[in-house]
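Undergrad: This is the structure alone, sequence omitted:
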């Protein structure tokens, strides 16, 4: 499964969730404003590479924690209908034991 095998993918998804959610704070000081701008820039970068990121997510194990993290990613960079369908099929196949 290479460098990003399915065993490492939940860690990537968790990292994305934690960093994408990290800008949810009041920006009342210059430092916090600057920090918030950096998070906003990170979110823009994630959106730019959304297609590539979502193409990897079909390999993610369909565990509840991973699905929650993917939901956060979807709020920032929405997956295409094709990706949603593939994730759903992957989850259903895993649930049925295939």
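TA: Received, thanks. On a predicted model such as this, the values are computed, not experimentally measured, just so you know.
Undergrad: Can you give the contact residues for the host helix or strand of residue 12?
TA: Element membership for residue 12 (DSSP states H and E) is helix 9-21. Here helix 9-21 makes contact (C-beta atoms under 8 Å, 6 or more residues apart in numbering) with 4, 39, 42-43, 46, 53, 56-57, 59-61, 63, 65-66, 68-70, 72-73, 76. The way it works is simple: take the backbone N, C-alpha and C, and place the C-beta from them, glycine included.
Undergrad: Show the pLDDT at residue 85.
TA: You'll see residue 85 listed with a pLDDT of 88.
Undergrad: host element of it?
TA: helix 81-96.
Undergrad: One more: residue 47?
TA: Using DSSP H and E, residue 47 sits in helix 30-48.
Undergrad: which element follows that helix toward the C-terminus?
TA: The element immediately downstream of helix 30-48 (helix or strand, assigned by DSSP H and E) is helix 50-57.
Undergrad: Name the spans of the chain whose pLDDT lies under the cut-off.
TA: 1-6, 98 (pLDDT under 70).
Undergrad: Return the residues in contact with the residue positioned nearest the centre of the chain.
TA: Central residue of the chain (C-alpha atoms, centre = their mean): residue 73, 3.5 Å from the mean position. By C-beta under 8 Å, 6+ apart, the residues touching residue 73 are 13, 16-17, 20, 46, 53, 57.
Undergrad: switch the cut-off to 6 Å
TA: residue 16 (C-beta atoms under 6 Å, 6 or more residues apart in numbering).
Undergrad: tell me which residues in the helix or strand that contains it are buried?
TA: Of the helices and strands defined by DSSP H and E, residue 73 is found in helix 64-76. Under the neighbour-count criterion of 16 or more other C-beta atoms under 10 Å, helix 64-76 has 66, 69-70, 72-74, 76 buried.
Undergrad: can you check stretch 37-54 too?
TA: 39, 42-43, 46, 50, 53-54.
Undergrad: Distance to residue 30 added to those, as JSON lines?
TA: Converted to JSON lines, the buried residues of stretch 37-54 look like this (distance: C-beta to C-beta, whole Å):
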{"residue": "39", "distance to residue 30": "15"}
{"residue": "42", "distance to residue 30": "19"}
{"residue": "43", "distance to residue 30": "20"}
{"residue": "46", "distance to residue 30": "25"}
{"residue": "50", "distance to residue 30": "31"}
{"residue": "53", "distance to residue 30": "32"}
{"residue": "54", "distance to residue 30": "35"}
